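Q: Need a 3D model of the sequence below.
(chains A, B and C)
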Amino acid sequence: MSHFLNELNKEQHNAVIHSNGPMMVIAGAGSGKTRVLTYKIAYLLDQDIDPFNILALTFTNKAAREMKERVINLIGDADGRNVWMGTFHSTFAKILRIDGHNLGYPSNYSIYDSDDSKRLIRQIINEKKLDPKIYAPSFVAHRISIAKSSLINAEDYANNPEIISADESARKPLIKDIYKSYSARLKRADAMDFDDLLFNTYILFRDFGKVLYKYQMKFKYILVDEYQDTNQAQYLIIKTLAANTENICVVGDDAQSIYGFRGANIANILNFKNDYPDFKLFKLEQNYRSTKNIVNAANKVIAINKDQIQKTVWTDNDSGHKIGFIKATSDNEEGQLVANTIFEHKMNNQLPNSSFAVLYRTNAQSRSIEEALRKRNIPYRIYGGLSFYSRKEIKDLLSYFRLTINHKDEDALRRTINYPARGIGKTSIEKMLVAADENDTNLWEIINNLKKYKVNVNSGIIRKVEDFATMIKSFKADLKKKDAYDIARHIAISSGLLKLYREEDTPEGISRVENMEELLNAIKEFAEAEVENDEGDLASQGSLEEFMQDVALLTDADNEDEDNDKVSLMTIHAAKGLEFPHVFIVGIEENLFPSIQSISTRTDLEEERRLFYVALTRAMQKVTLSYAESRYRWGQFTITEPSRFLEEIDEDLIDKPKKASVHNVYHTTTSSSNKIKPGFKSLNKSDFKTEEIAFEASDTTDLQTGMQVEHPKFGLGKVIVVEGDGPNKKATVYFNAIGKKNLLLRFAKLKIIS
DNA sequence: TCCGATCTATTTTTT
DNA sequence: ATAGATCGGA
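A: Predicted coordinates:
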């Protein structure tokens, strides 16, 4: 019997050794979900299952990498390495490189990241002369993305009465046309966006039985992590792949579903029961990660949600510390207080930096935290956010690589053709684009046949365009001759990019050059590592093409840091699946967390609350919540209010001053909110000083139990009951000064504080 | 026509 | 902060 099995509790053990047939593991936070997955893979291998027959799908590269490491630790390198473990996107990208030709895609197709696709959508909106205010590119992009994740192509979209009427009532009836052009333009560039990687894999399996059969035979055991975050496309692909053997194991936690905004569907958990009536269910409810206080606080918070599968997460661990609380006057002070707290804690208890994590709702919040940590000389690492690969100079260079590999890649072509400036201006490019549209071909074909397509540009331009095309072709020829590093370096120099940034001669330019050098080094390392690992495997030579295939799907700077003793900074989304002894959750403010875009519907708000739950349950020993009373947002000074989530944590679990001083906590906000209009209003500092508006009542249609309110006469209070409807809507409010009071909302002037 | 300077809107969360 | 849009000079 495998030696590692006795490291599991009974339920985990049962889940691990149940290897045939459909099964689902519903696992509370910290209950050993990943552990079950990795041990299960190890167990399968131990039972002499061929590693090539196992497919394990995760959502992030980091999760995949960690799982791989752990499996290798358990059973050794040789077998562990051969299991297909990767993200949905990278796994399907690989399949499409091999078999996408069935759908008319070459193996060197480009992958457009969200920036690239948004840029293309913006171009199409411009070309169609649509108002970008009405057709906001990010809105359109999101709409298209959701459609694709639900397997609705441009044609189905246009023929779906529900979607069309929704678009019409949103006064954006032409999204269907943008979608159509967008798909055509992607295809013409031999490019796929992130959603296409799923969509096309689905089509490939649906329409090409032979291909499907091949992968069904290959992947006899399928394991899926974070199943609650799968979308329709992912769900159907998994189902199709598993149809033959039905050896499918999905692991998830409905309480941690936080990707609804990109089409994830919790109902997939319920569908599972319908698809596999004889499935086996395992529930992991014991939390090994966190203290009792943390588990209790998190349970209390998540219990407020209406939509959830019943389960009881409990722990045997100590009660531990109370939840810490920091109140700052500004975002900068918040950063300083967090940095100070980390510093003191670290010094007093001799803790490594790596035992701390700072989590936030939006990437923009990292700035003030970073600054403060830098001042304190505390090393940190940011995960996600503006990753290395999305910096301008890196994208510039990568665009040259992309264009070299796939000449049809229009986004890359447009980025590079006149950068550095070669005298090929906007007007000329515009003409070539029009020619491409009229002849239903791609830009590369046009720039190589300017005369044939009668593009009306002068001979000087023709020369310049031809020179550019010749250069790119020479790069392509080099791909076969030189190794990845040499060709990459050659492109950086010959394109003129390196020179361009070198001549800038500003600190900015210097750092850009350094970044490009770093990219070149990464390519060098990649090429060397590949040759080493896959010796004898003819598929892999560590080519530039392969490097580019990996890069497209990397988000966080995946170059592992030499020095790992750093404080981790990341969004809560990025923190899913991770754990840290000490966790700071910053910016617990209304309109930030929960996000202002998510407070109007229950579904959205509940997703935010699950996000809060995820954040709390990352901590092993201590959580500290912090909020700032003011914050710069979009360069604007804004007054903020504490988040409703603060109220949802049991008072005796949180270390904030009680009763007498709870008032104090809100006091400053209250007095300042007298001066500003309700809601999310931003002011300039000067406005703020002078403005002295009389009491302004809030709109009370959304008044809810538990809200903090203010009345011009009675002062501060808390809503206890809300009853009745329309004009007869009443509220019972407990005022700090005078006690309970029944108010008819139609008349009462109430200001909502939080 | 091209190019650079200056303005303007844009930011939720991720593959 | 950054990418795109806009406009005047060359």
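Q: what about the longest helix in chain A?
A: Scanning chain A for the longest helix, with DSSP state H as the assignment, gives helix A:507-533.
Q: distance between that one and the chain's centre?
A: Centre-to-centre, helix A:507-533 and its host chain are 25 Å apart (CA atoms, centre = their mean, to the nearest Å).
Q: tell me the average confidence for that helix?
A: Per-residue pLDDT values over helix A:507-533 give a mean of 81.
Q: name the helices or strands packed onto that helix?
A: helix A:392-405, helix A:484-494, helix A:497-504, helix A:544-551 (3 or more CB pairs under 8 Å, 6 or more residues apart in numbering; DSSP states H and E). For glycine as for every other residue, the C-beta is placed from the backbone atoms N, C-alpha and C.
Q: Distance check, residue A:381 against residue A:476.
A: 37 Å (CB to CB, to the nearest Å).
Q: May I ask which helix or strand of chain A has the lowest mean pLDDT?
A: Lowest on mean pLDDT, DSSP states H and E among the helices and strands of chain A sits helix A:685-690, with a mean of 27.
Q: What separation is there between residue A:411 and DNA strand B?
A: Using CB to the nearest atom of the strand, to the nearest Å, residue A:411 is found at 15 Å from DNA strand B.
Q: what about the closest residue to that residue other than its chain neighbours, distance to residue A:650?
A: Sequence neighbours aside, residue A:116 is the residue nearest to residue A:411 in space, at 4.8 Å (criterion: CB to CB, 6 or more residues apart in numbering). Taking CB to CB as the measure, residue A:116 falls 46 Å from residue A:650.
Q: and the two? which has more neighbours close in?
A: residue A:116 (25 against 14; other CB atoms under 10 Å).
Q: A helix includes that one, no?
A: Yes. The assignment for residue A:116 is a helix, going by DSSP: H, G, I helix; E, B strand; the rest coil.
Q: got the contact list for the residue in chain A that DNA strand C sits nearest to?
A: Nearest residue of chain A to DNA strand C, counting by CB to the nearest atom of the strand: residue A:392, 3.5 Å away. Applying CB atoms under 8 Å, 6 or more residues apart in numbering to residue A:392 gives the contacts residue A:512.
Q: what's the neighbour count on residue A:633?
A: Residue A:633 has 17 neighbours, counted by other CB under 10 Å.
Q: what's across from it in the sheet?
A: Counting by DSSP bridges, residue A:633 forms beta bridges with residue A:636.
Q: now the helices: where do they sit in the stretch 1-150 of chain A?
A: For the stretch 1-150 of chain A, applying DSSP state H, counting those that start in this stretch gives helices covering A:10-17, A:33-46, A:61-75, A:77-80, A:88-99, A:114-127, A:137-149.
Q: what angle separates the third one from helix A:33-46?
A: Using axes from the mean of the first three to the mean of the last three CA atoms, to 10 degrees, the interaxial angle of helix A:61-75 with respect to helix A:33-46 works out to 50 degrees.
Q: could you say what helices and strands helix A:61-75 packs with?
A: Using 3+ CB pairs under 8 Å, 6+ apart as the contact test, the elements touching helix A:61-75 are helix A:33-46, strand A:54-58, helix A:77-80, strand A:84-87.
Q: For my notes, please list these in TSV and give mean neighbour count for each entry.
A: Shown next, in TSV, are the helices and strands packed on helix A:61-75 (neighbours: other CB atoms under 10 Å):
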stretch	mean neighbour count
helix A:33-46	24
strand A:54-58	25
helix A:77-80	16
strand A:84-87	22
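Q: So which of these is nearest DNA strand B?
A: Nearest to DNA strand B, of all those, is strand A:84-87, at 3.9 Å by CB to the nearest atom of the strand.
Q: Run through the helices of the stretch 351-500 of chain A in chain order.
A: Under the criterion DSSP H, counting those that start in this stretch, helices of the stretch 351-500 of chain A are mapped to A:366-375, A:392-405, A:410-416, A:426-438, A:443-448, A:459-481, A:484-494, A:497-504.
Q: Okay then, goodbye and thanks.
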